[in-house]
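Peer 1: Here you go, sequence then predicted model.
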Amino acid sequence: MAEQITYRRVYEETAPKEGKRVLVDRVWPRGMRKEAAHLDQWLRDVAPSSELRKWYSHDPSRFTEFRRRYLAELRDAGHREAVERLRDLAAHDKLMLLTATKDVDHSQAAVLAEWLAKKR
């Protein structure tokens with residue numbers, strides 16, 4: 001079922017039948033109007049902590065460690081409600097995880113897509 005969980009940049013044009021559109025960034029994408037995002041949900045509490053996000057600074061050489069730390073964060077109580085909401089969405093519909101990050105393959109959206117696919 002991993003093909004039902006995908007990810008991409010929030011700035012890309014929407015496509016029919018892409019499923020529930022969920023923004024997984026802690027901060028709102030720069031320059032984007034809320035109406036233009038066409039979101040079903042904004043789950044900022046499933047995003048990495050501000051401290052982790054700043055440490056990572058989207059440096060691909062730190063991605064492996066970012067992934068490890070982020071997965072550990074997903075297990076803590078502060079993320080629990082948002083994680084459960086995301087799992088519920090993934091269980092009932094196609095899911096498009098959205099991020100403003102330029103390198104989506106080295107983003108929390110990529111980590112979440114892989115993680116959710118394994119949890120199914």
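Peer 2: Structure received.
Peer 1: Report the distance from the longest helix seen in the chain to the chain centre.
Peer 2: Assignment by DSSP state H gives helix 77-92 as the longest helix of the chain. Between the centre of helix 77-92 and the centre of its host chain there is 11 Å, according to C-alpha atoms, centre = their mean, to the nearest Å.
Peer 1: which parts of stretch 73-81 are buried?
Peer 2: Using 16 or more other C-beta atoms under 10 Å as the test for burial, stretch 73-81 gives Glu73, Leu74, His79. Bear in mind the C-beta positions are built from the backbone N, C-alpha and C, glycine included.
Peer 1: Span of it from start to end?
Peer 2: Across stretch 73-81, the terminal residues are separated by 13 Å (C-alpha to C-alpha, to the nearest Å).
Peer 1: Quick check: which ranges of the chain have low pLDDT?
Peer 2: Filtered on pLDDT under 70, the chain yields the residue ranges 1-3, 120.
Peer 1: ok, back up a step: residues in contact with the longest helix of the chain: which ones?
Peer 2: Residues outside helix 77-92 that contact it (C-beta atoms under 8 Å, 6 or more residues apart in numbering) are 4-5, 20, 22, 24, 40-41, 43-46, 73-74, 95, 112, 116, 119-120.
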